[in-house]
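A.B. asks: build me a model:
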Amino acid sequence: MSLTDVGALSPISSSEDEAKPPTVIAPAQPPAAVIAVHTQLSREMHDFRRLCASLTLATIGAMAVTCLWAVEHAGALGRPARYVAVYLPIVIGVFGLYVTRMLYDYFRDIARVICNLDEALGLHTPGIYLTGRSLYPEHWKSFGTSRWDEPTFRVSAVSLSFTIFVVGSILCSVFL
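C.D. replies: Down below sits the predicted model:
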């Protein structure tokens, strides 16, 4: 029996649900444009995750380099240069946090559109692709909402915040 013989399959009762795989139902063909948009947005989301991780590493690196330079040249710097040496790494870190937040907001917008496309394709609706079940789990409906926890952006924000604190502490102890 193949997937095209859907009519030959009978619905699975709840007691047999654990023993047999769910019956596959032949869904209507979704428009190619919807699939193309979904694919493009999914790629874009992965690119934003990668960009956020790269931005975090670059920002932490820039903060570390400016901090080390400032500590090494602490004795040779005048008063205005000391203020720049203290505040420049912190400003770099805060700017990194700001850009991370902008990326996260745009990521969530894309995630909401993808979730809407998933709903339009019936991936959350029981019975469209599998008898009595949805293709996607119920909790995936919150993708892109404020309840959704995206670890890439959270880890980036925590890492940047911690680095800002450490670098600020080091520079303040050296210069102030």
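A.B. asks: what segments of this structure are helices?
C.D. replies: 32-72, 79-120, 151-175 (DSSP state H).
A.B. asks: the ones you listed: which one's closest to Gly132?
C.D. replies: Closest to Gly132 of those, according to C-beta to C-beta: helix 79-120, at 18.4 Å. From N, CA and C alone the C-beta is placed, and that goes for glycine too.
A.B. asks: for Leu121, give me its contacts.
C.D. replies: When contacts are counted by C-beta atoms under 8 Å, 6 or more residues apart in numbering, Leu121 touches 30, 34, 38.
A.B. asks: buried ones among those?
C.D. replies: His38 (16 or more other C-beta atoms under 10 Å).
A.B. asks: can you put the contacts of Leu121 in TSV and add pLDDT?
C.D. replies: As requested, these are exported to TSV (pLDDT from 0 to 100):
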residue	pLDDT
Pro30	71
Val34	84
His38	89
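A.B. asks: okay, the contacts of Leu121 in JSON lines with distance to Cys52 next?
C.D. replies: Listed next are the contacts of Leu121 as JSON lines, based on distance: C-beta to C-beta, whole Å:
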{"residue": "Pro30", "distance to Cys52": "30"}
{"residue": "Val34", "distance to Cys52": "27"}
{"residue": "His38", "distance to Cys52": "21"}
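A.B. asks: got any ranges where the chain has weak pLDDT?
C.D. replies: Residue ranges of the chain with pLDDT under 70: 1-28.
A.B. asks: just want the most central residue of it.
C.D. replies: By C-alpha atoms, centre = their mean, the chain has its centre lying nearest to Glu150, at 4.6 Å.
A.B. asks: quick one: contacts for that one?
C.D. replies: Residues in contact with Glu150 (C-beta under 8 Å, 6+ apart) are 104, 107-108, 111.
A.B. asks: for those, which one is nearest Ala62?
C.D. replies: Among the contacts of Glu150, and counting by C-beta to C-beta, the member closest to Ala62 is Tyr104, at 20.1 Å.
A.B. asks: number of residues surrounding the nearest residue to that closest one once chain neighbours are set aside?
C.D. replies: Sequence neighbours aside, Phe153 is the residue nearest to Tyr104 in space, at 4.2 Å (criterion: C-beta to C-beta, 6 or more residues apart in numbering). A count of nearby residues for Phe153, using other C-beta atoms under 10 Å, gives 21.
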